[in-house]
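A.B. asks: Could you look at this predicted model? Sequence included:
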Amino acid sequence: MRIGFYVEHANTRRSGCRTLDQRYYDTVAKMLLAGEDLHELHGFRPLLYPIFLAFFYKLGGNWGVDLALLVQHLLGIATGLLVALLGARLFRHRLAGAVGGALFLLASPAALLRGGVVD
């Protein structure tokens with residue numbers, strides 16, 4: 001199911017328009033790579049996600065956005081596995097963990113609204 005979310009996400013992200021957050025994260029990531037002064041932004045937002053993007057922009061070159069998107073989806077799968085493990089441990093029943101992990105992995109908002117790179 002997550003592969004389907006990834007394919008849908010990868011095929012539609014270039015056709016939409018960027019939201020304010022996506023534009024901000026992309027701009028800050030590119031500013032970090034260029035070594036520009038971030039004081040021009042006149043405000044403060046956490047820099048962890050733009051640093052994450054800048055890393056994959058640098059690592060992947062022209063494919064940096066696609067690489068960041070793939071890593072985000074892989075992290076979503078890892079989160080689903082953690083939900084399953086925690087559910088099994090918390091309720092002391094493997095089926096409870098499997099159901100919790102499956103529900104998380106099937107939830108499209110968790111897959112499509114993660115992070116700022118959608119576009």
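C.D. replies: Done, it's in.

A.B. asks: quick one: the helices in this structure?
C.D. replies: For the chain, helices defined by DSSP state H occupy the ranges 2-12, 20-34, 48-60, 64-91, 94-106, 108-112.

A.B. asks: Need these in JSON lines (columns: mean pLDDT).
C.D. replies: JSON lines is the format used below for the helices of the chain (pLDDT from 0 to 100):
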{"stretch": "helix 2-12", "mean pLDDT": "72"}
{"stretch": "helix 20-34", "mean pLDDT": "88"}
{"stretch": "helix 48-60", "mean pLDDT": "94"}
{"stretch": "helix 64-91", "mean pLDDT": "91"}
{"stretch": "helix 94-106", "mean pLDDT": "93"}
{"stretch": "helix 108-112", "mean pLDDT": "60"}
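
A.B. asks: Redo these as a markdown table? Include distance to E40 and mean neighbour count.
C.D. replies: Where you see a C-beta, it was placed from the backbone N, CA and C, and this is true even at glycine. Written out in a markdown table, the entries for these read as follows (distance: least, CB to CB, whole Å; neighbours: other CB atoms under 10 Å):
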| stretch | distance to E40 | mean neighbour count |
| --- | --- | --- |
| helix 2-12 | 31 | 14 |
| helix 20-34 | 8 | 16 |
| helix 48-60 | 14 | 17 |
| helix 64-91 | 22 | 17 |
| helix 94-106 | 39 | 16 |
| helix 108-112 | 31 | 15 |
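
A.B. asks: check contacts around the nearest residue to L67 once chain neighbours are set aside.
C.D. replies: Here the nearest residue to L67 in space, its sequence neighbours aside, is G60; by CB to CB, 6 or more residues apart in numbering that works out to 3.7 Å. In this structure, G60 makes contact with D66, L67, A68, judged by CB atoms under 8 Å, 6 or more residues apart in numbering.
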